[in-house]
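Asker: fold the following.
(2 chains)
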Amino acid sequence: MYDFKSIQEKWQEYYNREKPFEVDLKNAKKPFLNLMMFPYPSAAGLHIGNMYSFMGSDIYGRYMKLKGYDVYEPIGFDAFGIHSENYALKVGEHPAVLTPKSIEYFREKQLKKIGAIYDWKSEVNTSSPEYYKWTQWVFLQLYKAGLAEKRVSNVNWCPSCKTVLADEQVIENKCERCSSEVEKREMSQWFFKITKYSEKLLDNLDKIDWTENTKNIQRSWIGKSKGASIKFRLDGSQKYIEVFTTRPDTIYGVTYIVVAPEYKNLEQLIKPEIKKEFELFEESVRKMDMATRTSIKREKNGIFTGSYAVHPLTGKKIPVWIGDYVIADYGTGAVMAVPAHDERDWVFAKKYDLPIKKVIECEDSQLPYTEYGVMISSDKYTQTKSLDFIENVGSVHPDFEAQTNFHLHDWCISRQRYWGPPIPVIYCDHCGTVPVREEDLPVMLPQTKDYIPDGSGKSPLAKNEEFINTVCPKCGRPARRETDVSDNFLDSAWYFLRYCSPNDDKKAFDTELVKKWYPVGMYIGGNEHANLHLMYSRFITMALHDLGYLPFEEPFSSFRGHGLILKDGAKMSKSKGNMINPNDYFETHGVDCLRTYLMFMGNFLEGGDFRDSGMDAIQRFLNRVWDIASLPEGKCSDSVKTKMAQTINRFSYSIENMKYNAAVACLMEFSNEAVKESCMERSVVVDLAKMLAIFAPFIAEEIHLMKGGKGTVLNAGFPSGYEKYLESASIDLPVQINGKMRGIISVPKGLDSDALLCLLKENERFRSILEKPVKKVILVKDKIANIIM
RNA sequence: GCGUGAGUGGCGGAAUUGGCAGACGCGCUGGACUUAGAAUCCAGUGGACCUUAUAAGCCCGUGUGGGUUCAAGUCCCACCUCGCGCACCA
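Answerer: Down below sits the predicted model:
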């Protein structure tokens, strides 16, 4: 038994005092930036999910360090925003007072204890004026580039958080954070034009080394769909309705047009005689909550406008309907209905007895038939293939145009809250909207007691006359400040760039250092941020690239999204009372044990199931390593060195492929062998400690020191020099007969099949089997043999 | 519904990518130590059959059903179940 408590305290203290993982950013020879998603310093401290994420990342960083890279592992705090603010409101303390306290606790009581190789001189805090000055600077760059725009729009409003939410923050029409039903409100808001980058955000995914799952989440969020826009002229008018469709090949099957109840030019379509009916309809739609409105199972409702459109190819009159199943802000807010080949149109047509015309070859029983196929009843296009028609849709008719649509929406960054960076814009009666001058940054968030949102739709800052009243930077006349703050996701969309020069008060980031250290070598975090944080970070990076600030478009060369932790097979939640507090285990089992167990309990990329019995197992393992290190020094057997050689290979392979559980397993396997020895060579013990140091730093440092090592074990180099123990003259060759395993035979290396047969015939076990004639021998050299009889 | 990932002992999970399935660990069983327990250590542990028993042997086994191959957890086709993402996106 070793005293894990005193050893962990000793080395925690050493890390603090000696700072062995501080990096000379300018002069590093083999730079490797190892990034983890920085935490929100809210609630009761670092939870086990943070711990899991950080450890998975730190293990990668430690491995790279052992391999000789100059690993830069920075950490910081995502301290602005609604998480911290809501927590402050909940406990009734001012966020400007509470947040520093939370950070202090996170840093001193948790992050400094977990044995990570953080470089503490790099700490970033998004809520400090030194940081948010540059968040505001980022806003100004985007504004100047025409990528930021204020516009009135229907936005998601959370009545509980009393602020707008980005589309991405709305999950099944509920607020991502508090699960309240989200409302729609028409408000004037600042938007970033992320949609300008839709195509690039999608295409670049093919070029970056990210977990496939994460890329898929991004792809489906961007939601590219190719199709055509088609203009339908209104009967007896010069006006037209433009529709978007992915199936222009079904154009001859259009029997009516449907527009959304919120369609822009609806007034002109409604004939006077149905005006009353429409008002009733509109009211019923408006009354519906969003969850009902967008439920896929809900019955579709609609009314006829009284207007007709003209089919661009046949010239036939077709009725224009209003349908509550059509979404106003996707495509053009209007669709051509082809009931024979679209399920929604089919249901709607059946309900309102609208005509159905089949134009893709299929059995009547297959309707609605939504596959591609061969066009029929389509004039000169009859017998044309769907895909051929779609391919050439641009040349069909002047009113047809090939078009691509994206699901991705522009990013609404306005928040009517207190705890964020004020958006650096001034409104002047003479000059209009004027950006704050860069030299006037930061626009300080005022220290005020009046920070609680009142639900008026305005930020608490709107009541602060001292803050609002300013002078116009252009004309010097009295003007008013923007009172909204920016979205928390803007803080975290560029924080990684700040890490290389966190104290620079002249610029947001140092171009030379950025060139040297970025893009990020490895970014590890949870997939809960796959849409929001990663997409926004990529967008900001692309924008800064196009503005000439960055030499790359993609911020993270490699990203790994890890899985979730369960507790005894169940999801963790406060209501179930099965939360894990990492700090508890620092005392009962030790940090080394917790780190190692978190990585051992399952495949890191898929998550794992936390069980206390597993913690005990790791403690036994660490004790065993301690026993090995405590063996008398002296020559150990060659078989242990052969095992070490195999272990080193398996270990490297496992870590590089992020199979941390397998890496721990092979160290256990080695220990089970090694503990049987009566003596152990110093170098073997040290090499074991080096590999163990990746998971269990403190015990490894202590063993390294005990065996005469200086400084941190991570500087001692990756284990090497065992190759010769793999070069034995003979090997164990598995032998199959007709594809079935029949035994293992020890043979010289590089044996050919004739020699193998001779050996087998001499072998007790195989002699009788080989009396029958051999048809064929398949020999994969030194790996396996299969004798076909 | 669409997309995507995954189904391996009683359990968590390995299997270096087509070559000894079940590594490693939990749990369980037996043993050692102990007055006793806890802790620790040692051994065994996928299932059936054969055998008095052991050793040995033999058959079956990676969600289901087919296929490719000398060889399939791994590749191909169809299906079932679960997780995740998107979802009235036209």
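
Asker: how about the secondary structure of A:Gln136?
Answerer: helix (DSSP: H, G, I helix; E, B strand; the rest coil).

Asker: next up, phi/psi of A:Phe552, please.
Answerer: The phi/psi pair for A:Phe552 (degrees, to the nearest 10) reads phi -140, psi 160.

Asker: residues contacting the closest residue to it other than its chain neighbours?
Answerer: Among residues not flanking A:Phe552 along the chain, A:Pro519 sits closest, at 5.1 Å (CB to CB, 6 or more residues apart in numbering). (Each C-beta comes from the backbone N, C-alpha and C, glycine too.) A:Pro519 makes contact with A:Phe552, A:Glu554, A:Pro555, A:Phe556, A:Ser557 under the criterion CB atoms under 8 Å, 6 or more residues apart in numbering.

Asker: hmm, 6 Å instead?
Answerer: Residues in contact with A:Pro519 (CB atoms under 6 Å, 6 or more residues apart in numbering) are A:Phe552, A:Glu554, A:Pro555, A:Ser557.

Asker: narrow the residues you listed to just the buried residues.
Answerer: Burial by neighbour count, 16 or more other CB atoms under 10 Å: within the contacts of A:Pro519 this picks out A:Glu554, A:Pro555, A:Ser557.

Asker: which one of these is nearest A:Met1?
Answerer: Closest approach to A:Met1 among the buried ones among the contacts of A:Pro519 (CB to CB): A:Ser557, at 44.0 Å.

Asker: so which bits of the stretch 401-550 of chain A are right by RNA strand B?
Answerer: A:Asn405, A:His407, A:Asn527, A:Asn531 (CB under 7 Å from any atom of the strand).

Asker: ok, how many other residues are close to the second one?
Answerer: Right, A:His407. Per other CB atoms under 10 Å, the neighbour tally for A:His407 reads 14.

Asker: distance of it from A:Ile222?
Answerer: Separation of A:His407 from A:Ile222 (CB to CB, to the nearest Å): 6 Å.

Asker: just A:Leu445 next, same as before
Answerer: 33 Å.

Asker: and A:Ile540, by the same measure?
Answerer: A:Ile540 is 16 Å from A:Ile222, by CB to CB.

Asker: what of A:Tyr143?
Answerer: Applying CB to CB to A:Tyr143 and A:Ile222 gives a distance of 24 Å.

Asker: number of nearby residues for A:Arg286?
Answerer: Per other CB under 10 Å, the neighbour tally for A:Arg286 reads 11.

Asker: how about the one 3 residues further on?
Answerer: Residues near A:Asp289, counting by other CB under 10 Å, number 12.

Asker: apart from its chain neighbours, what residue comes closest to it?
Answerer: A:Glu181 (6.0 Å).

Asker: quick check: beta-bridge partners of that neighbour?
Answerer: A:Lys174 (DSSP bridges).

Asker: and it, how far from A:Pro159?
Answerer: To A:Pro159, A:Glu181 is 8 Å away according to CB to CB.

Asker: now A:Glu673
Answerer: 63 Å.

Asker: now A:Pro748
Answerer: Computed with CB to CB, the distance linking A:Pro748 and A:Pro159 is 79 Å.

Asker: which residues are in contact with the residue nearest the centre of chain A?
Answerer: The centroid of chain A falls nearest to A:Ala530 when counting by CA atoms, centre = their mean (2.1 Å). A:Ala530 makes contacts with A:Thr214, A:Ile217, as judged by CB under 6 Å, 6+ apart.

Asker: give me that answer again for 8 Å
Answerer: Counting by CB under 8 Å, 6+ apart, A:Ala530 makes contact with A:Asn213, A:Thr214, A:Ile217, A:Gln218, A:Gly561.

Asker: burial measure for the third one, as a count.
Answerer: I take that to be A:Ile217. Neighbour tally, A:Ile217, other CB under 10 Å: 18.

Asker: same check on the last one?
Answerer: Neighbours of A:Gly561 under the rule other CB under 10 Å: 22.

Asker: what secondary structure does it sit in?
Answerer: Reduced to three states by three-state DSSP, A:Gly561 is strand.

Asker: pull the distance from stretch A:609-627 to the chain's centre.
Answerer: 32 Å (CA atoms, centre = their mean, to the nearest Å).

Asker: list the contacts of that stretch.
Answerer: A:1-2, A:4, A:48, A:565-569, A:580, A:585, A:588-590, A:592-594, A:596-598, A:600-602, A:667-668, A:671-672, A:675, A:688-689, A:692, A:696, A:699, A:703.

Asker: averaged pLDDT, that stretch. What do you get?
Answerer: Per-region confidence: stretch A:609-627 scores 93 on mean pLDDT.

Asker: export it as CSV, just CAs?
Answerer: Below are the C-alpha coordinates for stretch A:609-627, written out as CSV (Å, rounded to 0.1, in the frame of the first residue of the first chain):
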residue,chain,number,x,y,z
ASP,A,609,-20.5,3.8,-16.8
PHE,A,610,-19.1,5.0,-13.5
ARG,A,611,-19.1,2.4,-10.7
ASP,A,612,-17.5,2.7,-7.4
SER,A,613,-16.3,-0.9,-7.6
GLY,A,614,-14.3,0.1,-10.6
MET,A,615,-12.5,2.8,-8.6
ASP,A,616,-11.4,0.2,-6.1
ALA,A,617,-10.0,-1.9,-8.9
ILE,A,618,-7.8,1.0,-10.1
GLN,A,619,-6.6,1.5,-6.6
ARG,A,620,-5.5,-2.1,-6.5
PHE,A,621,-3.7,-1.6,-9.8
LEU,A,622,-1.9,1.5,-8.6
ASN,A,623,-0.8,-0.4,-5.4
ARG,A,624,0.5,-3.1,-7.6
VAL,A,625,2.6,-0.7,-9.6
TRP,A,626,3.9,0.7,-6.3
ASP,A,627,4.8,-2.9,-5.3
